[in-house]
Structure formats: C-alpha cells, structure tokens
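Colleague: Predicted model follows, preceded by the sequence.
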Amino acid sequence: MQMMTIMKFFIQLTPRSFRRNAKARPLGKTRLEEGMKHPTIEMNLENLLICMKNCGTCPSYPGNEMEALFCASGKSDSEIIQNGCNCVSCPLYDLCSSNNTAYFCKNGGCAAPGEKEDNSSDSKDCNSYLSQFIGKSSPEKSAFEEVSTSSEITEKAVDVTMDFIDDKEIHTKSDVPILKASLDGGIDHTHVCGGRARCSTCRVIVTDGVEHCRPRNEKEARLAAIKGFSDDVRLACQTTVEDDIRLRRLVHDDEDIASAIKEGRGSVNDAGHEIEATILFSDIRSFTSFSERSLPYDIVHILNRYFDAIGGMIDANKGYIDKYMGDGIMAIFGLDETSDENPAYQAVKAACDMAEALKEFNSYLESRFDHEFRIGIGVHTGKVIVGNLGYRKKKEFTAIGDTVNTASRIESLNKETGSSILVSQQTFDLVKNDFKWKNKYKSKVKGKAEPVIVFEPEFT
C-alpha cells in the first residue's frame, strides 16, 4: 500500500501532457477471450492515476487498490460475473460488445441511477427516500428524442466564435464539436475518456448563447441524466453550435476530475442545480428545560417519537426531510419539478398538520414527563441550489442559498411574536386563498437589510 502511495505521488508531479503520452506499465492481468475486441482506452499514466485515485468507489471494483478492475489492461483476478455493469460513469468504461455486456465488471446491469434492468441487481437509490421526491430530469426525458449529432449535420458549416472565459477566443466552424475546437486552439481541455461521452470531464457551462447549442444527442443525454446536468451544462465532446457562444470549462485539475467521475454514482441529482422550492424550518421551543432534567435514554426516546409524529406530517404532504439539527428539522418542498402540485401549499399544510400533531404528542409527554413542547415553524419560497455536498465519504443531499437562510430566520421570529407558524410574503402570495390567516408582522431579521413581512395562518 505504501508503494502505491509513493507511485501516486511521483505520477502527480509529472506534467499532464507527459502523463497523457507516457504508457503505464501493465498491471499483470489477463484478458477474457471474449473481451479481446473491447475498444479500450490506452492505459497511459494519466488514466492509471485516475484508476488509483478512484479505486474503491466504482461498484465494479473488488477492493484491492493494486488491482484496478476496470482499467484497460484487462481482466482482474477477482471473480467476474458476465452480466453487464453499473459503472457506466467510469471514465475508462466502454461497451465490450453490441449487446451491452461488460466482461470485466461485477455488479449487475448497465443502468442509470434509479433504473433497473431484468438481469441486474437493484440500483442503490432505486427505493431510496430521496427518489420519491425527485421527478425525471429534463436531460433524461430528451434521451429518447430524435436529435441531431455532429456527424448528421447536413447544412453548410458557418464560421462561429467560442469565447472561453479565462482562456481565449476560438474561431472555428459550426460542425466542429466544442472539445475539438478548444484543443485545436491550444486550450488544455480535460477529456479523460478521449471524447467518448463517458466521463463528463470535458463539461462546459454556456453563459451566453445556450440557445445556439444544438440539442443533446443520445450519448450526451444519457450522461446528462446520470449526472443531473442543467440545460446550460454541456459535454464539449458532443456539442456543436449554430452561432457564437460564451462558455467556461468546469474541470481544471485532478480534484475536479475525481469529483466529475464520482458524480451520479448511486446518488440522485449529484450535480448541483437551481430550482424553485419552499423551505420549512421547525424547532422545539421548550426542549432545553426538558433535556436538563431527563435521562439520556428518555431524551433520545422522546425526540425519536416527536420526529416520527412531525415527520409523518411532512411526508404526508410530499416534503423531503433534508436534515435534523438537534431538535430542529429542515424540509424541502418542490423537488419534483415534473409535478403540477403547489409546493408552497404543501409546506403550509404540513406546518398546520405538524402543529396539530404536536397536540396529541403533548398529551403523551405531559402524562409521562409532566412537560409540554411548543413548536416554531418558518416557511419561505424562492430559488435554492440543490445537490450532494460534503466530504467525499459523507456527502448529503441538501439545499443551500438565501431562501434557506431566510426560512430559518423566519422560524426564529416566532419567539418574538409568540406564534407557532410564520409564512413569508413570497409563500403567502402563492397560498393566500387556501388558508385562513390571523396576524401579519413586519420585522428585521439577521442578514437582511430590509424588514421581512410574515403571516400567521390559523390551524384548528
């Protein structure tokens, strides 16, 4: 293991241009006879470094860092199950034959996260809690549309300009993919898989002129669905344009490459994107006094019972419980962008149901512990960025942005107003005819220059 670490260190010290041209030493494995026709990527030092850095995360990998199961040097000594693979996002993976069989992969059928094939094992997130709340993304829906590829463009090529932010302007033709144009123009544009739409490391974000990009072809649409790309994030190796665009490369160094490779493996919507959502924050008002005079077992027992009662109301109204913060909860409504339901209504309805559920919970709490919880709930609607965030071994799906912060601040206002539920002006405008309302407040909150206006709904 120490030898492998030293090897990684010295390879990383070499220039990338050298790593791409220097052949790696074979890893001492033999090919399956049927796999001889596999169109592998040549195992150079650059790809070997990626194999070593990502070993242990690919579902086909057996766990020994000295044996990169999916590398181009062939078959591992580990047992091989010849029924396809789940490592579609591995940058060094390609189809072994026309029937989608990968001869040196181990775990089931080749499928995007959430999909299942008859001959495959369940995808990790197929029945996960998060998958209930997220509808199919737009790239996945377009995967079956008949779209043009660069090789099918029949109109006469015209001159176009690609303005790479932080790089240079490239003048090329409209039938030339972005990746080829940038490489021909002298830009060191990362493309681990050799431009085969396997790794997404050539991805770019089009900041101006995205309407000039031709529709995604089948290869790009599939990978975009796996990675959860928004419409303005495109694969440079597959995208051609009809007119001038302004864009920026998104993968620049080894850390970027590792992140790009890991996105979409067993997770829903790994890549961050912006949505319109309603955020709900709740907090127990009298928890500290309860915890100070209770046994640790009782504290955990009561909190779990409380979360079960309150969480059931969020779940019943199609909200996603994002996280628990001590005795607090954050929930997201509106993750399923394909749904016609109003997430603002679902969030306010959940808040009222939570307040009602607390009454029954308090009956138990008072009879057993002579105590009563009070609740504070804040609801706010706006743009949020959702995606998987955190240390690579402990990433969690969450939402971030000013909308989240504001919802938290509104929840805190309940202490000042003596209320249980407060709803922002933005949420109120979307649901004002669906509920009865008691009071209206205007108050300064931390982080906001202007006072916020909030409304208190009635609940029976």
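Modeller: Thanks, I have the structure now.

Colleague: quick one: residue 365 from residue 352, how far?
Modeller: 20 Å (C-beta to C-beta, to the nearest Å). The way it works is simple: take the backbone N, C-alpha and C, and place the C-beta from them, glycine included.

Colleague: cool, residue 324 as well?
Modeller: Noted for residue 324: a distance of 21 Å to residue 352, by C-beta to C-beta.

Colleague: can you check residue 195 too?
Modeller: 54 Å.

Colleague: cool, and residue 313?
Modeller: Applying C-beta to C-beta to residue 313 and residue 352 gives a distance of 9 Å.

Colleague: again with residue 452
Modeller: Between residue 452 and residue 352 the computed distance is 21 Å (C-beta to C-beta).

Colleague: same question, residue 326
Modeller: From residue 326 to residue 352 the distance is 23 Å (C-beta to C-beta).

Colleague: Those two: which has the busier surroundings?
Modeller: Regarding residue 326 and residue 352, a neighbour count based on other C-beta atoms under 10 Å identifies residue 352 as having more, with 19 against 11.

Colleague: how about the strands of the chain, start to end?
Modeller: For the chain, applying DSSP state E gives strands covering 159-164, 169-173, 203-208, 233-235, 245-249, 273-284, 320-325, 328-333, 375-389, 396-400, 421-424, 437-443, 452-457.

Colleague: among those, which is the most enclosed?
Modeller: strand 421-424 (a mean of 28; mean count of other C-beta atoms under 10 Å).

Colleague: Could you list every helix and strand in contact with that strand?
Modeller: Packing partners of strand 421-424 (3 or more C-beta pairs under 8 Å, 6 or more residues apart in numbering; DSSP states H and E): helix 343-369, strand 375-389, helix 402-417, strand 452-457.

Colleague: Report the buried residues of the longest one.
Modeller: Going by neighbour count (16 or more other C-beta atoms under 10 Å), the buried part of helix 343-369 is 343-355, 357-358, 361-362, 365.

Colleague: Between strand 273-284 and that helix, find me the angle.
Modeller: Between helix 343-369 and strand 273-284, the angle comes out at 30 degrees (axes from the mean of the first three to the mean of the last three C-alpha atoms, to 10 degrees).

Colleague: Equivalent analysis for the shortest one, please.
Modeller: Relative orientation of strand 452-457 versus strand 273-284 (the same axes, to 10 degrees): 60 degrees.

Colleague: what residues are up against residue 410?
Modeller: Shown in contact with residue 410 (C-beta atoms under 8 Å, 6 or more residues apart in numbering): 281, 378-380, 422-424, 445, 452, 454.

Colleague: Quick check: of those, which lies closest to residue 397?
Modeller: The closest of the contacts of residue 410 to residue 397 turns out to be residue 281 (C-beta to C-beta; 17.1 Å).

Colleague: Double-check that closest one against residue 413; I have them as touching.
Modeller: No. Counting by C-beta atoms under 8 Å, residue 281 stays clear of residue 413, with 10.9 Å between them.
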